[in-house]
Structures are given as structure tokens and as C-alpha cells.
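**Q** any chance you could fold what I've pasted below:
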Amino acid sequence: MFEMESVFSEDGILSHHIAGFHVRLQQLEMANAIADAIAKRQILVAEAGTGTGKTLAYLVPALLNGGKVIISTGTKTLQDQLFKRDIPNVRAALKIPVTVALLKGRTNYICRYHLEKSVQDNRISFATREDIRYLQLIERYANISQTGDKSELSEVPENASIWQMATSTRDNCLGAECPNYKECFVMEARKQALLADVVVVNHHLFFADVMLRDEGLNELLPACNTVIFDEAHQLPETATLFFGESVSTGQLLELTRDTKIEAVEAARDFQALALVNEKFEKNVRDFRLTIQEENVRFSQVMIEKNLSFKQGLDNVLETLLELVKLLENQAERSEGLKNCWQRAADHLHLMQRWRDEQSLQNQIHWIEVYHHALQLNITPLSIAEIFQKQLDNHARAWIFTSATLSVKQNFTHFTSEMGLSGAQTAYWESPYNYAEQALLYVPSGLPEPSHAGYIDQVVAAALPVLRASKGRAFFLCTSLRAMQRVYELLQSAEQLDYPLLMQGQGSRSAILEKFRELKNAILIGSQSFWEGIDVRGEALSLVIIDKLPFAPPDDPVLSARIEKINQEGRNAFIEYQLPRAVINLKQGAGRLIRDETDRGVLMICDPRLITKSYGKQVWQSLPSMKRTRDLTEVRNFFEQI
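**A** As a prediction, this is how the structure comes out:
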């Protein structure tokens, strides 16, 4: 067994095998703490600032310890990076023969059954030439691929609608009854995961499986010695999503599509099914249109005042009940029809509970509206008890790590939200010299964020800073509306001749690539640019944040949780809202300094950072950089760069 010092030292194993490796005391201490937690099968919550090298700090002890390890990441991108680069590098350096598997959710793998159906039935399912060309490419790829992972077929865009016709979902998978079961890509991926020493998953897959016993992890977990969550700050949101229940108009339309295909093949003579299915599809589409807004959330109490919504839901339930009866009548004719019947019955049951059980204790009934879909949700008020049961099931090590888990090194918010009572906690500051490398600027004279002209005044305050930085900036907004307004104002600003990029003008990766290439651009983004972005060097020298990222208090889940905490005589703002805002702010601020040579200004426009009693708690949770309210100091800083 290696000593951690011999791995992480100046002349250690990693320095000889990993390009650009730097010795960091924080990394060594973190690796020792994780090794200790794994050996003692403890729960460890570890925050390590940007640049600590968290990935190596958990991979080395995890691989050296032996036993089965599950590593769960925040995104599929990070999942691929771990599997293809980081783990192979560490494995080669340590010279240990561990086997590694990558396991994604089933929609990432081609489904031979649904692909075959779509190829045979292209008249019904799609019409465009592009769809037919993509389908031919998918069919060819499925015949030669070992994995069936759709990310390996770059000629077909990952968001192409045709993928729905060539992959399965938890709803429409036939499982062991499928005629293609023995050659199923999903089953093969699970088999490899069962055999491997290290399995790399993502948070969505982990929680989908914990709750739904769907993706094969229920067989993995019992054999596992260690579970590591990277980007663990995302877990409360992900767990909330999966510990609840939901059904969307998208799922209902998927049901109508599959019913249509299966009925043509197995029940062509039973016209009543086709007619009711068609009527149901129309009602579902009409139901989505009962709400004009997009990207909004409403509580059940609020939305049920909308009479057209109420009528639309009644119409959907009425035809869904008819469809369930007809599908039950025809279910014996094929496995596909039987599957459609079971799904329809499940959707009906959930929708009836959503409508009828208005005040279930410890649950929130609400809806979310997207561009194409409307989703009914039942969400638990607290996820702590549910997750606690997972921890208690088996004795194993649980490691939670991120650069943003605490408020002033206090982890209470995260541990109580996740039910991690008795967890060990540890904190390591970033090894970067923030006092020299960064400046925190809070402009004077701005009104409270509730002021009608707030965003206009924020942009006015930002313009001289953007000129001083010569572009090279992220302008991070807390809402899509603010983002759009900032973009409009900067477009019309005088003496600002830098390229403007905005979230939504392409994929996130394409926009970032353009930002890096231009070297003097201003990128305006909302939530998806606050985290998981790594732009090193001079291309990014300024991060502007429009205001403290408090979640909107009218959000139905948040408002229900606030009400519950306050009813218990506690202070929801201090216990819940403020810590969440601080953790989000730390993520946004973390975009600025990404290596030892980066220098830049963090501009937070919100005057509450100075005027409110809690402001001190907020900025003391950020890395310890020099602070100023003087624009001249900001200009001098950029001149020195």
C-alpha cells in the first residue's frame, strides 16, 4: 500500500506520470482524509477550493483501497472525462489493474427494439428527409457498435428528435420480455458495470435508480464499498427531483406515439383504440396550451384558479381513462400493447392523485411549464429522511465533495438538507493567491434589486469596467429576463466595441469555444453559465454578477419549505434561503480564477452585500480577495494586468 505522501510529493508517482502536476498541501490533506473515511466506512463532506485538485485527491485513495467504488458526477461531460482521461491516467501511474465501467441512463443507448420498429414504420413516426437520413446512420451504427452509446455517433446531433424513436425510456422498455433482450446495449452496459471495480455514473442516474430501481444500480450498490459524489452541491436539487413523482405532456405524447405504432402492428382490426388514442393526443396538446407562459412554476392552489387549465386536465383524465380500458382489453395481443396499458394506468393513477389529494402532509403539488411541455409534480417537503435510509442500508464510505458546500466553513445547510447527521466535515481553501490575483468590486450608488430600473443601472455601472477590462468578461444574470435586458443595453452602448455572445445563441460548448477564440468577448448568461465552466487565461478577466442569487420566493417548492421552517419557529431566511444563495454565488464567482496565473475582477452589483447585516456573511464565504468600491482601483488593477 502506498503512503499518500509518496504519491502526491514533488518527486512522487503522480509528478512522473501526469502532465502539469503541481504539489499542493491541500490536495495531500484531502487525499489522506478521504483514505481515512474509506478505511473507516464513514460519511465525509469535503469542500475544496478551486485548484485543489479534488479529482486526484479522491481517485488515488479510492483506487488504492480496493473494493468496488461508484463515482457519481454532476454532468455527463465530467463523467466522460473521468472515464476516458482521469481514471486511466491515475490507474497507469499507480500501476494497479482496476477495471472501470461507464454507466449512463438508458436514453443514452440505442434500443434495438424501438429502432427496428421505427425503421419498419417510418410513415407514421416521422416525415423529414433529415430524420430518415439520421435513422439510417443510427441503424448502421447499431450494427457495428460495441456499446450503442449515442454520444459516439457524432454525425447525429445529441438533441435530434429522431433519437426518441431509437432509444427506450423507463416507461416503454419491455425489459426481459423484449425480443432483443439478449443483445440489449443497456443490459450489456449494466453487465460491465457489475463486473467492474470502478463504475462512473452521474447524479441523475444514481437517484433515478435509488428511487426507481431502474438502471441497474440496485445490483451495484449492495456490492459497493465506497460511493463518491463529485459536484455534490447539486445533490439536493437532483434528489428532490427523483424523490418526488411527476408526469409530463411529453410522456403522455410518447405514450400516444407508442400506442399508435403497437396498435398498427398488433390490433389493426380494433379501430376504437386508434380513435380514442387520437382524441387523447389532441386533448394532451390542448392541455399544454392552457398556459401561455414558458419556464414558469405554479403551485396547485394557484393554477387551479385557471379554469381552462382545470377543464384541460379533466379532458385529459377522461380520455386517458378510456384509453386505459381499451388497452387493457387488447394487452394480451402483444408485449408492446401490454407495456402501453401499464404506462397509461400508471400515468392515470399519478394524475388523479395530483388533482385529488390537495393537502397531502409533507408533499407539494405543483406544475412546471417548459417550451413544449407541461409537467405535474408531487415533491417531498424534505428529502433528508428519504436519503438517510439509503445511508443506513449498508455500511460503506460516502464521500461528498465540491468547491461549494459551506457558508463560512459551516456545512449545516448541506448536511441537514441531505440527512447526513453525524457526517465528518472538512474544508480546504484554494491554493491560489486570491489576495494578489483577484479584486472584489461592489459599485456605489446602485438601488435595491427590487427597484424598477435596477438592471439598467447595473449595466450603466458595468460599462466603465467592461471598457477597462477590454471585454473578456462573463456577465452572469439571475434570470432570463435580466439576461435579455443586459444584452439589449450592451448592444446599444456607445464605445463598447467588443463581441457580444448570449446564452441560447447555440450550444453551451459552441458559445464557450467562440468566447475562447475571440479573446475579447462579453458573454451574457443565466443559470447554465454559473457553474461547470473552465476558461483559463486572459480571455476571461472579469466576472459581473447582477445580484445575489436568491431563489424567487414565489417558487412553489421553495415557498412551501420556507413556510414549514417558519412554522417550526425557525428562521427560514437564515437557515435555508441565505445558505442556498451563498453556495450559488460561490459557484458563479468560481468562474474567475482557474489557475495560478489568472488575474481578474469579480464585480457583484448588489448593494445588499454592504447594506444588509447578512452581507458580511456572504462576502466572507468567498475566497479572501482584496475588496473595493472605488472604480479607479478597478481601472488600476486592469492596467497592472
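**Q** where do the domain boundaries of this protein fall?
**A** For the chain, the structural domains run 4-98+197-230+382-428, 107-171, 243-380, 434-640, going by automatic domain parsing.
**Q** tell me the gap between the last one and the middle of its chain.
**A** It stands for domain 434-640. Here domain 434-640 is found 20 Å from its chain centre; the criterion is CA atoms, centre = their mean, to the nearest Å.
**Q** quick one: buried residues of stretch 104-123?
**A** 104-106, 108-115, 117-119 (16 or more other CB atoms under 10 Å). The C-beta positions use only the backbone N, C-alpha and C, and glycine is treated the same way.
**Q** am I right that residue 247 is in a strand?
**A** Yes: assessed by DSSP: H, G, I helix; E, B strand; the rest coil, residue 247 belongs to a strand.
**Q** buried set for the helix or strand where residue 287 lies?
**A** Using DSSP states H and E, residue 287 sits in helix 271-288. Across helix 271-288, burial judged by 16+ other CB under 10 Å covers 273, 274, 276, 277, 279, 280, 281, 283, 284, 287, 288.
**Q** picking that back up, quick one: which of the buried residues of stretch 104-123 sit in helices?
**A** 112, 113, 114, 115, 117, 118, 119 (DSSP state H).
**Q** so which of the residues you listed is the closest to residue 423?
**A** Closest approach to residue 423 among these (CB to CB): residue 114, at 42.5 Å.
**Q** surely that closest one and residue 167 touch.
**A** Yes: in this structure, residue 114 is within contact of residue 167 by CB atoms under 8 Å, at 6.7 Å.
**Q** and the helices in the stretch 501-641 of the chain?
**A** 508-518, 556-567, 572, 578-589, 608-611, 615-620, 631-640 (DSSP state H, counting those that start in this stretch).
**Q** of those, which is nearest residue 305?
**A** helix 556-567 (13.9 Å).
**Q** which neighbouring elements make contact with that closest one?
**A** strand 296-299, strand 363-369, helix 572 (3 or more CB pairs under 8 Å, 6 or more residues apart in numbering; DSSP states H and E).
**Q** buried deepest among the ones you listed, which one?
**A** Neighbour counts (mean count of other CB atoms under 10 Å) averaged over each of these peak at strand 363-369, with a mean of 21.
**Q** which element follows that one toward the C-terminus?
**A** Strand 363-369 is succeeded, C-terminally, by strand 374-380 (DSSP H and E).
**Q** where does residue 44 sit: helix, strand or coil?
**A** strand.
**Q** not counting sequence-adjacent ones, nearest residue to it?
**A** residue 37 (3.9 Å; CB to CB, 6 or more residues apart in numbering).
**Q** rewinding a little: would you turn the ones in helices among the buried residues of stretch 104-123 into TSV with distance to residue 427 and pLDDT?
**A** Below are those laid out as TSV (distance: CB to CB, whole Å; pLDDT from 0 to 100):
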residue	distance to residue 427	pLDDT
112	49	95
113	50	92
114	48	90
115	49	91
117	53	85
118	52	85
119	55	84
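**Q** may I see the residues you listed organised as TSV, with distance to residue 574 added?
**A** Output for those, formatted as TSV (distance: CB to CB, whole Å):
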residue	distance to residue 574
112	54
113	53
114	50
115	53
117	55
118	54
119	59
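**Q** how about the nearest residue to residue 486, chain neighbours excluded?
**A** Per CB to CB, 6+ apart, closest to residue 486 is residue 524, 5.3 Å.
**Q** ok, that neighbour touching residue 487?
**A** Yes: when contacts are counted by CB under 8 Å, residue 524 is listed as touching residue 487 (5.1 Å).
**Q** mind putting the helices and strands packed on helix 556-567 in a markdown table, mean pLDDT included?
**A** Listed next are those as a markdown table, based on pLDDT from 0 to 100:
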| stretch | mean pLDDT |
| --- | --- |
| strand 296-299 | 92 |
| strand 363-369 | 94 |
| helix 572 | 94 |
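**Q** to residue 265, which of the ones you listed lies closest?
**A** It's strand 363-369; of those, that one is closest to residue 265 (CB to CB) at 34.5 Å.
**Q** that closest one packs against which elements?
**A** strand 296-299, helix 300-303, strand 374-380, helix 556-567.
**Q** can you list the buried residues in the longest one?
**A** Counting neighbours by 16+ other CB under 10 Å, one finds that the buried residues in helix 556-567 are 556, 557, 558, 559, 560, 561, 562, 564, 565.
**Q** quick one on the thing from earlier: in TSV, list the helices of the stretch 501-641 of the chain along with distance to residue 59.
**A** Conversion of the helices of the stretch 501-641 of the chain to TSV gives the following (distance: least, CB to CB, whole Å):
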stretch	distance to residue 59
helix 508-518	25
helix 556-567	35
helix 572	38
helix 578-589	23
helix 608-611	37
helix 615-620	31
helix 631-640	37
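**Q** comparing these, which comes out most buried?
**A** helix 578-589 (a mean of 23).
**Q** and that one, what does it pack onto?
**A** By 3+ CB pairs under 8 Å, 6+ apart, helix 578-589 packs against helix 412-418, strand 542-545, strand 600-604, helix 615-620.
**Q** can you give me the helices in the stretch 351-500 of the chain?
**A** 384-393, 412-418, 434-437, 454-468, 480-491.
**Q** and the contacts of the longest one?
**A** Under the criterion CB atoms under 8 Å, 6 or more residues apart in numbering, residues 441, 443, 445-448, 451, 473, 475, 482, 485-486, 489-490, 493, 495-496, 498, 522, 542, 544, 546-547, 601, 603, 605, 631, 634-635, 638 lie in contact with helix 454-468.
**Q** write the PyMOL selection for whichever of those are buried.
**A** Here is the PyMOL selection string for the buried members of these, based on 16+ other CB under 10 Å:
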select buried, resi 441+443+446+473+475+482+485+486+489+490+493+496+498+522+542+544+546+547+601+603+605+634+635+638
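**Q** going by mean pLDDT, which of the domains of the chain comes out lowest?
**A** Note on the domains of the chain: lowest mean pLDDT is at domain 107-171, with a mean of 85.
**Q** between the two ends of that domain, how far is it?
**A** 11 Å (CA to CA, to the nearest Å).
**Q** can you give me how far that domain is from the chain middle?
**A** Taking mean C-alpha positions (CA atoms, centre = their mean), domain 107-171 and its chain are 24 Å apart.
**Q** what about the closest residue to residue 99 other than its chain neighbours, neighbour count?
**A** Setting aside the residues directly before and after it, residue 99 is nearest to residue 196 in space (CB to CB, 6+ apart), at 4.6 Å. Residues within reach of residue 196, counting by other CB atoms under 10 Å, total 19.
**Q** pretty sure residue 196 contacts residue 97?
**A** No: Residue 196 is beyond contact range of residue 97, at 11.8 Å (criterion: CB under 8 Å).
**Q** by residue count, what's the longest helix in the protein?
**A** Max-length helix for the chain by DSSP H is helix 307-330.
**Q** any idea of the angle that one forms with helix 271-288?
**A** 160 degrees (axes from the mean of the first three to the mean of the last three CA atoms, to 10 degrees).
**Q** list the buried residues for helix 307-330?
**A** 309, 312-313, 315-317, 319-320, 322-324, 326-327, 330.
**Q** what's the answer for stretch 148-156, then?
**A** Counting neighbours by 16+ other CB under 10 Å, stretch 148-156 gives 148, 149, 150, 153, 156 as buried.
**Q** in strands, which of those residues appear?
**A** Among the buried residues of stretch 148-156, no member falls in strands (DSSP state E).
**Q** next, count neighbours for residue 181.
**A** 15.
**Q** excluding chain neighbours, give the residue nearest to it in space.
**A** residue 187 (6.8 Å).
**Q** could you do residue 511 as well?
**A** Nearest to residue 511 is residue 501, by CB to CB, 6+ apart, at 5.4 Å.
**Q** please apply the same query to residue 445.
**A** residue 461 (7.6 Å).
**Q** residue 607 versus the one you found, what's the distance?
**A** Residue 461 sits 10 Å away from residue 607, going by CB to CB, to the nearest Å.
**Q** over to residue 538?
**A** Following CB to CB, the distance that separates residue 538 from residue 607 is 30 Å.
**Q** how about residue 131?
**A** For residue 131, the distance to residue 607 - CB to CB - is 52 Å.
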